[in-house]
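Colleague: 3D, please:
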Amino acid sequence: MGEQTPIVRVRIDKWLWAARLYKTRSVAANSITRNRVRIGGQRIKPSRIVQVGDQVTVEKGPYTFELTVLVTGDKRQGAAQAALLYEEAEHSVKAREEIRARRRADREARLGIAGDGRPSKRQRREIMRLQQSQPTGMED
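Modeller: Next up is the predicted model:
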């Protein structure tokens, strides 16, 4: 006889926690009540039982994860084991990578224009030296 994993009835907030999508169950439940987690496009409650094959959409910050439930686990394990609980849609992965690249480019552009933040002590002294060496033009 083949070994089969028993089907476990798991609440969606506990599953999201076990899948390592949220750090705590309370954060997962809070996200669900704010309509940032949906199953099949429908609004849900934290007590909703997740089933194998459910299409779960999770919005975290600027990113959207579109997942298919593969296993209904209720134990939080390592990241490698948690990734086996779901499968992410290919277009979801590509969209997140594009957003990540765009945000990185925006950040680099902002840093390039403004510099690296506050000038160092050496840079401040150079700025002061330049300001003192320039004629003001009001000496006439």
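
Colleague: burial count for residue 69?
Modeller: Other residues within reach of residue 69, judged by other CB atoms under 10 Å, total 21. Backbone N, C-alpha and C define where each C-beta goes, glycine included.

Colleague: now the helix or strand hosting residue 101: buried residues?
Modeller: Residue 101 is located in helix 90-114, with elements delineated by DSSP states H and E. Within helix 90-114, the residues scored as buried using 16 or more other CB atoms under 10 Å are 92, 96.

Colleague: ok, residue 129 - contacts?
Modeller: Residues in contact with residue 129 (CB atoms under 8 Å, 6 or more residues apart in numbering): none are found.

Colleague: ok, which stretches of the chain are strands?
Modeller: For the chain, the strands defined by DSSP state E cover 10-11, 37-39, 42-43, 49-50, 55-60, 63-69, 86-88.

Colleague: wait, doesn't residue 87 sit right on residue 65?
Modeller: No - taking CB atoms under 8 Å as the definition, residue 87 is not a contact partner of residue 65, at 11.0 Å.
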